[in-house]
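1. got a predicted structure here, sequence first:
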Amino acid sequence: MSIAENLKTLRNELPKEVTLIAVSKTKPIELLEEAYQAGQRQFGENKAQEMALKAPQLPNDVEWHFIGHLQTNKVKMIAPVVHTIHSIDSLKLLTEINREAAKANRTIRCLLQFHIATEETKFGLDEAEAHELMKHTLGSDFKNIIISGVMGMATYTDNQETIRTEFRRLHKIFTTLKSTYFAADDRFKEISMGMSGDYKTAVEEGSTCIRIGTAIFGERNYQSFK
């Protein structure tokens, strides 16, 4: 099936309120252009340099989502173009994003990333760290960021019940943060969870934003992008 056909299949499956992010990391710009021509406007990258190089090659109405682990020294590369950063895991990173967003005269949406999987290699906050981060953030002079939700990656497994349990945990974390810190803030609304192998479970458990690569573009290509 073509990229356009893959996108159409996914859109027909998804509730209208769920945002589909096409994970385009490692993909050449021609494939992103093909997805764009099929109506896709949200693209996800996990390398700052790759996003910075690709962004000028697509029209300005594209929303760029950064979905990988982000080092503070790379924030300046994407601050002029990124719409949402899904991987906030420290106050230091949030502070740097606010600083670089101010330089670029922009406001950047940020999602708090939580470690919900069993693998040690996954990045993310635990709940105690998140509450500590919020204490330092609320009332601070962070005028160029919007904390708009949470993100998490489930364990890489075929066991859908394990995945479902982890997604439910993330949804519960979102609900707690919403009621504790963002009850009056309609902008805190996103639960970014679900990829090609588990997005159906994620949607059932309340995802508002899924990150799909393989099911749109095919198997991952680790060769250099153009």
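-> Thanks, I have it.
2. for Leu70, what are its contacts?
-> Neighbouring residues of Leu70 by C-beta atoms under 8 Å, 6 or more residues apart in numbering: Ala48, Ile78, Ile85, Ser87, Leu93. C-beta coordinates here come from the backbone N, C-alpha and C atoms, glycine included.
3. ignore what I typed, I meant Asp126.
-> Applying C-beta under 8 Å, 6+ apart, the residues near Asp126 are Phe114, His115.
4. so it versus Glu34, what's the distance?
-> Distance of Asp126 to Glu34, computed by C-beta to C-beta, to the nearest Å: 40 Å.
5. quick one: Leu112 is in a strand?
-> Yes - counting by DSSP: H, G, I helix; E, B strand; the rest coil, Leu112 is found in a strand.
6. might one say that it is in contact with Ser148?
-> No - here Leu112 lies out of contact with Ser148, judged by C-beta atoms under 8 Å, at a distance of 9.5 Å.
7. between these two, which is the more surrounded one?
-> The residue with more neighbours, out of Leu112 and Ser148, is Leu112; 27 against 20, by other C-beta atoms under 10 Å.
8. all strands for this structure, in order.
-> For the chain, strands defined by DSSP state E occupy the ranges 19-23, 42-45, 63-66, 82-88, 108-114, 145-152, 190-192, 209-212.
9. give me the neighbour count for Asp61.
-> Asp61 has 7 nearby residues by other C-beta under 10 Å.
10. what's near enough to touch it?
-> Asp61 neighbours (C-beta under 8 Å, 6+ apart): Arg41.
11. check the gap between it and Thr107 for me.
-> Shown here: Asp61 relative to Thr107, a distance of 17 Å by C-beta to C-beta.
12. ditto for Thr180
-> Thr180 is 23 Å from Thr107, by C-beta to C-beta.
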